[in-house]
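Enquirer: need a 3D model of the sequence below.
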Amino acid sequence: MTTSSSEQGVSLGMPQLPAPAYPDDVRARLEADGREIIARYPDSRSALLPLLHLVQAEEGHVTRTGQQFCATLLGLTTAEVAAVATFYSMYRRRPSGDYQVGVCTNTLCAVMGGDAIFESLQEHLGVGNGETTDDGKVTLEHIECNAACDFAPVVMVNWEFFDNQTPASARRLVDDLRTGAPVEPTRGAPMCTFKETARILAGFPDERPGAVEASGGAGPASLVGLRLAKGETAPARVVHPRGSGAPQDQSPTTEHLSSHDAPQDTSASDPAHPAGPVAEEGE
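Expert: Numbering: from 1, shown residues only. Alright, predicted model coming up:
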């Protein structure tokens, strides 16, 4: 005796309907931008990544309509477009906030306080990983290495850096984003919304005053290898483990080389700021 799918609790459902088309005026505008993007490449298929950013700039995430638009413009199947759109985490699959707040929880940022920051923001915002606040302003997520280890722990907002963060500074940051207060990245261009960022990533000029001139760079610790390759040398600095009681190197310096050789009170692994279990094993 066999049981039906309904008796097994399985719903086969209806086939998914074709994606709705963009309104005529939106499609005309996107087609003009899309043709400009495609003209940059000898092979039109190479334009898929920036085209996905273009449609993401329209709706804040890559919709089925956006995928169909890209497929039609490039002569691809929607399956081919979807394979790319779902492979890269920079393309959103569902509606998200004006500000994508990503907390690095990879190894170094985690031990320097990234885990504590992420947990604090989840509680403060009342959202989980990948979720958006009710006002539609902030989407919180943990992200992998931002290649800014000398500024750990790092938070990124729409791909702009906020370095050497603490739980308290990160909470102030998201509060300012939600209220519309001015927010300046540690380095890099001034803040803009996620949709505006997506259009810039599609390859269109950032026309905001001063945005192009604003710049950021690697920290001194990141550039040690480059200096050595150029034959430059620097005096050795001895940095003892925190809490060892040994004196720190007192060589003159105008700035901390990094958050590692000048530890801040940002680390969840700092003995003065424990983040792990306080109970003894077996309790």
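Enquirer: tell me what the host helix or strand of I117 is packed against?
Expert: I117 belongs to helix 115-125 when assigned by DSSP states H and E. On a contact count with 3 or more CB pairs under 8 Å, 6 or more residues apart in numbering; DSSP states H and E, helix 115-125 meets strand 99-104, strand 138-143, helix 167-179. (Glycine included, C-beta is placed from N, CA and C.)
Enquirer: what would these look like in TSV with mean pLDDT?
Expert: Listed next are the helices and strands packed on helix 115-125 as TSV, based on pLDDT from 0 to 100:
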stretch	mean pLDDT
strand 99-104	94
strand 138-143	92
helix 167-179	94
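Enquirer: which of the ones you listed sits most buried?
Expert: The highest mean neighbour count among those belongs to strand 99-104 (a mean of 25), with neighbours defined as mean count of other CB atoms under 10 Å.
Enquirer: got the buried residues for the very next helix or strand once past that strand?
Expert: Next in sequence after strand 99-104, counting helices and strands by DSSP H and E, comes helix 107-109. If you call a residue buried by 16 or more other CB atoms under 10 Å, then helix 107-109 has these buried ones: L108, C109.
Enquirer: distance between helix 107-109 and the chain's centre?
Expert: 16 Å (CA atoms, centre = their mean, to the nearest Å).
Enquirer: likewise for stretch 196-210?
Expert: Centre-to-centre, stretch 196-210 and its host chain are 17 Å apart (CA atoms, centre = their mean).
Enquirer: same deal with stretch 49-57?
Expert: Here stretch 49-57 is found 16 Å from its chain centre; the criterion is CA atoms, centre = their mean.
Enquirer: with stretch 146-163 instead?
Expert: For stretch 146-163 - counting by CA atoms, centre = their mean - the centre lies 9 Å from the chain centre.
Enquirer: for it, buried residues please.
Expert: Counting neighbours by 16+ other CB under 10 Å, one finds that the buried residues in stretch 146-163 are 146, 148-163.
Enquirer: then stretch 67-83?
Expert: Along stretch 67-83, these residues count as buried under the neighbour rule (16+ other CB under 10 Å): Q67, Q68, F69, C70, A71, L73, L74, L76, T78, E80, V81, A82.
Enquirer: run the chain-centre distance for it.
Expert: On CA atoms, centre = their mean, the centre of stretch 67-83 falls 25 Å from the chain's centre.
Enquirer: contact partners of it?
Expert: Contact with stretch 67-83 is made by 18-19, 21-22, 27, 30-31, 34-35, 38, 44-45, 47-48, 51-52, 55, 64, 85, as judged by CB atoms under 8 Å, 6 or more residues apart in numbering.
Enquirer: which among those residues end up buried?
Expert: Buried residues within the contacts of stretch 67-83, counting neighbours by 16+ other CB under 10 Å: Y22, L30, G34, I38, A47, L48, L51, L52, V55, R64, A85.
Enquirer: over to the fifth one. Which of the three states is it?
Expert: Right, the one you point to is A47. Classification of A47 using DSSP: H, G, I helix; E, B strand; the rest coil returns helix.
Enquirer: now it: how far from I200?
Expert: From A47 across to I200, the span is 16 Å (CB to CB, to the nearest Å).
Enquirer: now the third one
Expert: Relative to I200, G34 is positioned 16 Å away (criterion: CB to CB).
Enquirer: what does stretch 29-43 contact?
Expert: For stretch 29-43, contacts defined as CB under 8 Å, 6+ apart pick out 22, 44, 47, 50-51, 54-55, 58, 69-70, 73-74, 202-204.
Enquirer: what's the closest of these to D134?
Expert: Minimum distance to D134 across the contacts of stretch 29-43 is 23.2 Å, recorded for E58 (CB to CB).
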